[in-house]
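Visitor: Below is the structure, and that's it, no one-letter string:
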């Protein structure tokens with residue numbers, strides 16, 4: 001039986017190493033629109049050029065999720081499909097994947113297609129993809145893998161550390177951020193996901209060091225014990241990432257930490273100097 005693990009490009013990773021036998025990994029890209037320009041979130045995307053275009057452009061920017069047809073194209077390539085999406089409350093990607101599932105199963109009812117709404121983004125999707133690949137390699141059944149992914153997803157946490165709301169405001173996204181006001185512009189802010197997959201910004205300060213310290217406090221409050229992989233995505237902020245990595249290792253020496261530069265979509269929202277942490 002052939003397998004396809006497919007994710008939208010909010011997952012940050014662009015390819016998977018050590019795929020299990022019979023497994024393919026595929027991506028369906030978001031598009032970022034800045035005025036008349038469209039940037040496709042593929043491995044070839046120059047993220048710095050995209051962010052500069054957003055800074056230079058005075059109007060609003062927007063994103064477009066993958067289409068059902070893009071999802072369906074990859075669903076058709078395997079007998080068993082594990083699809084992983086950003087939170088349905090942040091994007092239409094999950095709904096597009098659901099539409100694609102219906103389209104494909106209408107013609108090929110014997111296929112197995114599971115769609116995981118991570119209620120999250122970035123490292124949460126990457127971790128789910130890696131878990132799926134490992135379980136396939138262990139010979140687990142499709143149903144066992146679906147249950148394991150759902151259970152793992154329910155225990156995950158995500159934190160967003162943003163340097164500014166400037167470009168979020170330009171992108172027209174501030175109204176979708178739960179309970180936060182324009183007075184937080186140019187502040188260091190920390191957000192977490194809500195149970196329904198939205199973003200709740202709950203801490204603000206003027207110093208990056210205090211935000212990093214607050215991240216460690218929040219991980220402790222969430223019961224992190226070092227047994228889950230920590231994934232840090234950063235938007236051109238290697239200095240803060242290194243400080244955060246040092247702090248995590250000081251508290252949880254055995255924690256596995258994976259550091260990844262933000263790709264297109266997450267760079268669009270995290271913006272320059274932003275961090276996204278999953279654990």
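Guide: Ah, there it is. None of these values were measured; they are calculated from a predicted model. Residues are numbered from 1 along each chain as shown.

Visitor: Tell me which stretches of the protein form strands.
Guide: 3-8, 23-28, 31-34, 37-40, 61-64, 80-85, 112-117, 158-162, 188-193, 199-205, 230-234, 257-261, 275-278 (DSSP state E).

Visitor: can you list these in CSV and add distance to residue 70, mean pLDDT and mean neighbour count?
Guide: Placement of C-beta: from N, CA and C, glycine included. As requested, the strands of the chain are exported to CSV (distance: least, Cβ to Cβ, whole Å; pLDDT from 0 to 100; neighbours: other Cβ atoms under 10 Å):
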stretch, distance to residue 70, mean pLDDT, mean neighbour count
strand 3-8, 9, 98, 26
strand 23-28, 4, 98, 20
strand 31-34, 10, 96, 20
strand 37-40, 11, 96, 16
strand 61-64, 11, 94, 18
strand 80-85, 11, 98, 27
strand 112-117, 14, 98, 20
strand 158-162, 25, 92, 24
strand 188-193, 25, 88, 21
strand 199-205, 25, 87, 18
strand 230-234, 23, 96, 25
strand 257-261, 23, 96, 16
strand 275-278, 24, 96, 26
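
Visitor: now these as JSON lines including distance to residue 240?
Guide: Listed next are the strands of the chain as JSON lines, based on distance: least, Cβ to Cβ, whole Å:
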{"stretch": "strand 3-8", "distance to residue 240": "26"}
{"stretch": "strand 23-28", "distance to residue 240": "27"}
{"stretch": "strand 31-34", "distance to residue 240": "23"}
{"stretch": "strand 37-40", "distance to residue 240": "25"}
{"stretch": "strand 61-64", "distance to residue 240": "24"}
{"stretch": "strand 80-85", "distance to residue 240": "27"}
{"stretch": "strand 112-117", "distance to residue 240": "29"}
{"stretch": "strand 158-162", "distance to residue 240": "8"}
{"stretch": "strand 188-193", "distance to residue 240": "10"}
{"stretch": "strand 199-205", "distance to residue 240": "14"}
{"stretch": "strand 230-234", "distance to residue 240": "7"}
{"stretch": "strand 257-261", "distance to residue 240": "11"}
{"stretch": "strand 275-278", "distance to residue 240": "6"}
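
Visitor: Can you tell me which of these is nearest to residue 48?
Guide: strand 257-261 (10.2 Å; Cβ to Cβ).

Visitor: In contact with the nearest residue to residue 222 once chain neighbours are set aside, which residues are there?
Guide: Distances taken as Cβ to Cβ, 6 or more residues apart in numbering place residue 157 nearest to residue 222, at 5.0 Å, with adjacent residues excluded. By Cβ atoms under 8 Å, 6 or more residues apart in numbering, the residues touching residue 157 are 192, 193, 219, 222, 224, 278, 279.

Visitor: Which two among those are spaced furthest apart?
Guide: Most distant of the contacts of residue 157, by Cβ to Cβ, are 193 and 224, 15.0 Å apart.

Visitor: pretty sure residue 135 contacts residue 144?
Guide: Yes - with contacts counted by Cβ atoms under 8 Å, residue 135 reaches residue 144, the gap being 7.1 Å.
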